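In: structure, please.
(2 chains)
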Amino acid sequence: MAMPQEQLREYLVNAFPDAVIQIKELAGDNDHYVATVTSRAFIGKTRIEQHKMVYDALDGHMGTRLHALSLKTKVPSEE
Amino acid sequence: MSQIFEEIRNDLASNDVVLYMKGNETMPMCGFSSAVVQILKTLSVAFKAIDVMKSEELREGIKTFTNWPTIPQLYIKGEFIGGCDIVREMYQDGELQALLEAKGIPHTGK
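Out: Take a look at the predicted model:
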């Protein structure tokens, strides 16, 4: 019931190629992460939709293999 | 599964604010559930807490019903608001307080 950080990152990179992804491991047990995903794919989506997109990218592992992922989704700021 | 959906629909229809969580409001069994309870208490919002650990069927049923893979899940007036991360973000931005206001639910947030 855990997922190495590299694998988590790989799922996210595959689903959101443009994204800036920050992952922080909280407990050193491959199971408690904080992730911030910043991608243009989230433009025009509600927060629920954005989080749903990330969960979908994790291919059914969210809530099963991956127990505790605290998630923040962002749209890149226009500069 | 249809029976559990019926139960969920009934709970959502008869309570303005429903929190599906692990444990109960006095003894949450998970940090994410606990965080949402704290926010609702801080805003003095009356809510019905439903402990999903009491039934495997409900625990899986609510995930399917909402199409959301994790617990806790907060509903306001029958509408899914989000899990812990979203609720916390909405609270910090004042959006949750605005939503409660708009839905006419008593609270002490500004």
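
In: could you pull up phi and psi at residue B:20?
Out: phi -90, psi 120 (degrees, to the nearest 10).

In: look up which residues are beta-bridged to it.
Out: Judged by DSSP bridges, the bridge partners of residue B:20 are residue B:50, residue B:73.

In: model confidence score at it, please.
Out: At residue B:20, the model reports a pLDDT of 98.

In: just residue A:1 next, same as before
Out: 64.

In: the residue in chain A that chain B sits nearest to: what's its closest spatial neighbour, skipping adjacent residues?
Out: Proximity of chain A to chain B (Cβ to the nearest Cβ) peaks at residue A:63, 3.5 Å away. Every C-beta, even on glycine, is put in place using the N, C-alpha and C of the backbone. Of all residues not flanking residue A:63 in the chain, residue B:69 sits nearest, at 3.5 Å (Cβ to Cβ, 6 or more residues apart in numbering or on different chains).

In: just the buried residues of stretch A:71-79, please?
Out: A:71-73 (16 or more other Cβ atoms under 10 Å in any protein chain shown).

In: residues in contact with the helix or strand where residue A:51 lies?
Out: Using DSSP states H and E, residue A:51 sits in helix A:47-57. The contact list for helix A:47-57 (Cβ atoms under 8 Å, 6 or more residues apart in numbering or on different chains) reads A:11-12, A:14-16, A:35, A:37, A:41-42, A:45, A:62-63, A:71, A:73, B:67-70, B:80, B:82-83, B:85-86, B:89-90.

In: equivalent analysis for stretch B:71-89, please.
Out: Outside stretch B:71-89, the residues that touch it by Cβ under 8 Å, 6+ apart are A:47-48, A:51, A:63, A:70-72, B:12-13, B:16-22, B:30, B:32-33, B:35-36, B:39, B:52, B:59, B:62-63, B:66, B:68, B:70, B:90, B:95-96, B:99-100, B:103, B:105.

In: good, we can wrap up now.
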